[in-house]
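> From the sequence below, what's the structure:
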Amino acid sequence: MSETWMSVEEYSSVTGLDSRSIDDLISHGKLSVKVENNQTYIDPLKGANSVVKAEVKELVQTGGNITVGPQFVEKTIGTILNLHEKVLDAKDETIESVKSENLFLKEALSSLQELYEEDRNTIETLTQQLKLSQKEVEFMRRKYKLMWNKVVDEYGDK
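Now for the predicted structure:
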């Protein structure tokens, strides 16, 4: 499956994490990131596990007891659903892209086959013309040979 990249702002809105938490996850290598045109992009599929662990770690550090409230569960489910929706959208875009690329390649192949047929017909025509020209040259060679032999015989007798 191909990777789906999100900007830091999109990732923050989907996960509900603030930019400081996201920077912390990036610095600890918990998120897969790439930088293009001075813009940082995050792969949400590879970082989902780390986000959930970070939330649980924050709960443990703050309270000592792990009591997960309905907001956390709701937020986690919402995050997972949003990430899943983004992955499905990316998958659909990829499928459409592959379909259009396949159509383009099919049309290109058809065009190449037509050109190949035209070239093959041209080669066949040129081969026939070459054979006719060779026959004509051979005929002219025999004609001149007979003519010159006749001239040599006539002048040789005198």
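> And the next helix or strand past the helix or strand of the chain with the lowest mean pLDDT?
Least confident helix or strand, the chain: helix 44-63 with a mean of 58, by mean pLDDT, DSSP states H and E. Next along the chain after helix 44-63, taking DSSP states H and E as the criterion, comes helix 70-157.
> other SSEs contacting that next one?
Applying 3 or more Cβ pairs under 8 Å, 6 or more residues apart in numbering; DSSP states H and E, we find helix 70-157 packed against helix 8-15, helix 44-63. C-betas here are computed from N, CA, C, even on glycine.
> Where does pLDDT dip in the protein?
Residues of the chain that meet the criterion pLDDT under 70 lie in 1-3, 46-68, 157-158.
> Might you report the residue contacts of V35?
Y41 (Cβ atoms under 8 Å, 6 or more residues apart in numbering).
> Mind listing the residues bridging to it?
T40 (DSSP bridges).
> I'd like to know how far it sits from M140.
Distance of V35 to M140, computed by Cβ to Cβ, to the nearest Å: 77 Å.
> Please apply the same query to Q71.
Q71 is 101 Å from M140, by Cβ to Cβ.
> same question, Q129
Counting by Cβ to Cβ - Q129 and M140 are separated by 16 Å.
> M147 too?
M147 is 10 Å from M140, by Cβ to Cβ.
> does K30 sit in a helix, a strand or a coil?
coil (DSSP: H, G, I helix; E, B strand; the rest coil).
> oh sorry, the question was meant for I22
helix.
> Isn't it up against Y11?
Yes: with contact defined as Cβ atoms under 8 Å, I22 reaches Y11; the gap is 6.4 Å.
> what is in contact with those two at once?
I42.
> neighbours of V33, just the number please.
17 (other Cβ atoms under 10 Å).
> Contacts only, for it.
For V33, counting by Cβ under 8 Å, 6+ apart, the contacting residues are I26, T40, Y41, I42, D43.
> quick one: which of these has the most company?
Highest count within the contacts of V33 by other Cβ under 10 Å belongs to I42, 24 neighbours.
> I figured that one hits L31, correct?
Yes: counting by Cβ under 8 Å, I42 touches L31, with 5.3 Å between them.
> who touches both of those two?
I22.
> chain center to stretch 38-45, what's the gap?
Its chain's C-alpha centre and that of stretch 38-45 lie 21 Å apart, by Cα atoms, centre = their mean, to the nearest Å.
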